[in-house]
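Participant: got a predicted model here, sequence first, then my questions.
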Amino acid sequence: MVAGPGGLLALRLLSGGSDYAQLWFEAAVLERYRAAGAKLLRTNTIGRLKQAEWTLDFGIAQDDTREIIHVSLVDAQSRIPEGDRAHWISHAIALPLSASYVTTQLARGACIDDGELRAY
C-alpha cells in the first residue's frame, strides 16, 4: 500500500513519470509578479499565478518557519518563460542533500574525497 501523497508521488516517479517531480521555492518568488500587477489566487494549499502571457499553478506548503510553494518539473519547464527562470532559481529551496552525491551525478567520473570508506 502507498502511504499518502508523498508515496503516490514516489510511485509515479519510480514508474517513469519524472514530469511530476517537484521543485520548491520560497513564496517570495511571487512578489515580483504581484508588484507587476499579475493576478495571484489561492486556496489553503493550491495557488495560481496568472499573467497576460502565461499562467502557473503551484502547491502551497509550510515548513517550520515559512510558507513555500512547489511546482511540477513539467510545469516549470513548459510554463515559466526562459527569461524568468533565473528569478525562480534565485528562490529555489532544496531539501538537505549530499553535495558530493549530486556532484557525482552531474559530473560523472568526478573524484570525491569526503572521508574513509566504511560499512553503512
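Facilitator: Cool, the structure landed.
Participant: tell me which residue is most central in this structure.
Facilitator: Most central in the chain under CA atoms, centre = their mean is residue 23, positioned 0.8 Å from the mean C-alpha point.
Participant: and what about it, helix, strand or coil?
Facilitator: Following DSSP: H, G, I helix; E, B strand; the rest coil, residue 23 is assigned to strand.
Participant: look up how far residue 35 lies from it.
Facilitator: 22 Å (CB to CB, to the nearest Å). C-beta coordinates here come from the backbone N, C-alpha and C atoms, glycine included.
Participant: residue 118 too?
Facilitator: According to CB to CB, residue 118 and residue 35 sit 52 Å apart.
Participant: cool, and residue 91?
Facilitator: For residue 91, the distance to residue 35 - CB to CB - is 14 Å.
Participant: which one of those two has more residues nearby?
Facilitator: residue 91 (17 against 8; other CB atoms under 10 Å).
Participant: show me what contacts the spatially closest residue to the more buried one that is not a sequence neighbour?
Facilitator: The spatially closest residue to residue 91, leaving aside those adjacent along the chain, is residue 29, at 3.7 Å (CB to CB, 6 or more residues apart in numbering). For residue 29, the contacting residues are 69, 87-88, 90-91, by CB atoms under 8 Å, 6 or more residues apart in numbering.
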